[in-house]
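Asks: my questions are about this predicted structure, shown below with the sequence.
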Amino acid sequence: MKSYNLSFGVIRVLGKNRAEVIVNEGVDMGVLQVKEYLNFLSTHLELPFSVIVNRKYTDTFEAQKLIVNNDKIKNLAVIVSSSGGLLASETLLSLNEKSKWNTKFFRTRADAILWLDKNS
C-alpha cells in the first residue's frame, strides 16, 4: 500500500482501482481540495474507482456534490465518526436520491472495506 501526502491529508492507494482518503485533523474540505483529490485519483487509479472517505472533518455542500456526482467513482464508502456527520451525509444523499449513487455509510474502516470487496 502506497501513501501520498497532499495539501489536505493523505491518500492511500489500496489497489489498482481503490483508495482511501484521510483528511488531516482540522481541515475543512472545500471545492479546491476535492478537485485536488479527484485529480490525484484519476491519475493514479484505474477507472472507475472505489473510494473510502474518513469523515472526521467537515466539507462544504458544493464539495460533497463534486464527490458524489463524479462518474469516475464506482463505489463510495464513507466512514462517519459522529451522529451529526451521519445525518449530514444522509441528508445530502436523500436530496439527490434520483442519482442512484452507490454510497454507503459505516462506523468502521473494516466494514467499509468489506462492502467495497463485495461491490467492486
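Replies: The structure has been received and is ready for your questions.

Asks: alpha carbons only for contacts and neighbour counts from here, please
Replies: Noted.

Asks: and the residue nearest to Gln33 when sequence neighbours are not counted, what is it in contact with?
Replies: What sits nearest to Gln33 in space, not counting adjacent residues and going by C-alpha to C-alpha, 6 or more residues apart in numbering, is Phe8, at 6.6 Å. Going by C-alpha atoms under 8 Å, 6 or more residues apart in numbering, Phe8 touches Val23, Asn24, Val27, Met29, Gln33.

Asks: quick one: pLDDT of Phe8?
Replies: Looking at Phe8, its pLDDT is 90.

Asks: can you tell me the element Glu62 falls in?
Replies: Assessed by DSSP states H and E, Glu62 sits inside helix 61-68.

Asks: now that helix: how far from the chain's centre is it?
Replies: Here helix 61-68 is found 10 Å from its chain centre; the criterion is C-alpha atoms, centre = their mean, to the nearest Å.

Asks: helices or strands up against that helix?
Replies: helix 31-44 (3 or more C-alpha pairs under 8 Å, 6 or more residues apart in numbering; DSSP states H and E).

Asks: quick one: buried residues of the helix it packs on?
Replies: Val31, Gln33, Val34, Tyr37, Leu38, Leu41, Ser42 (16 or more other C-alpha atoms under 10 Å).

Asks: ok, now stretch 20-29?
Replies: For stretch 20-29, by 16+ other C-alpha under 10 Å, it's Glu20, Val21, Ile22, Val23, Met29.
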